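Sequence plus the predicted model coming up.
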Amino acid sequence: MSRTASPTAQDFVPFATAALDFHRALNVPGGPLVTTRAELDALHAHLISLHGLLDAHAARTDQLVPIERDQLSAARTRIWQAADHVHAAYHAAPRPGSGEVPDREACQAGLPEGAPELTICQRHQRTAHLVRRRTTPADLHAPFTGLVRH
């Protein structure tokens, strides 16, 4: 028996998409611009949330439609990779005030910059733990994750 989401359930994903488009139109001007650490932190949080949504969908389709699960799992892996790059960009961005750029390895040490800057690292480490449990290193480094089943 196939199960699908209730058609009456409120779908908030289109609102999130519209909000991102609106944010970009209002807050990201044309021309050269250094992305702020606050913006990178917010983008990271958004990607991690999207990762969780894809993870939930992949888990729910596991028994019902394995091919769909494989595609959702591949998308989840790519979103994690994007979040990892945004996390790296955060650490490459200059600190407000001093302009200092800390090294990424400081995140591994636990307290690279203190609160509130630490929240991105805590979020990243929590999700990395989940990624390590559900994804193989080969999946994370594969140039193509579009699995094909026949």
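Sure, I can see it.

By mean pLDDT, point me to the weakest helix or strand of this structure.
Least confident helix or strand of the chain, by mean pLDDT, DSSP states H and E, is helix 105-109 with a mean of 59.

just checking, next helix/strand downstream of that one?
helix 118-134 (DSSP states H and E).

can you give me how far the helix or strand following that next one is from the chain middle?
Downstream of helix 118-134, the next assigned helix or strand under DSSP H and E is helix 137-141. In terms of CA atoms, centre = their mean, to the nearest Å, the centre of helix 137-141 is set 16 Å apart from its chain centre.

Kindly export helix 137-141 (C-alpha atoms) in CSV.
What follows is helix 137-141, C-alpha atoms only, in CSV (Å, rounded to 0.1, in the frame of the first residue of the first chain):
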residue,chain,number,x,y,z
PRO,A,137,33.0,8.3,2.9
ALA,A,138,32.8,7.1,-0.7
ASP,A,139,29.3,8.7,-1.0
LEU,A,140,30.7,12.0,0.3
HIS,A,141,33.6,12.1,-2.2
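
Now do the longest helix along the chain against helix 118-134: the angle between them, please.
When the chain is parsed with DSSP state H, its longest helix is helix 66-92. Orientation check (axes from the mean of the first three to the mean of the last three CA atoms, to 10 degrees): helix 66-92 against helix 118-134 gives 150 degrees.

Chain neighbours aside, what residue packs nearest to the residue positioned nearest the centre of the chain?
Of all residues in the chain, the one closest to the mean position by CA atoms, centre = their mean is Leu47, 2.7 Å from it. Spatial nearest neighbour of Leu47, excluding adjacent residues (CB to CB, 6 or more residues apart in numbering): Ala83 at 4.0 Å. In short, each C-beta sits where N, CA and C put it, glycine included.

That neighbour contacts Ala128, correct?
No: applying CB atoms under 8 Å as the test, Ala83 and Ala128 come out as separate, 9.3 Å apart.

before we move on, what SS does Gly30 have?
Look at Gly30: counting by DSSP: H, G, I helix; E, B strand; the rest coil, its state is coil.

Nothing else from me, thank you.
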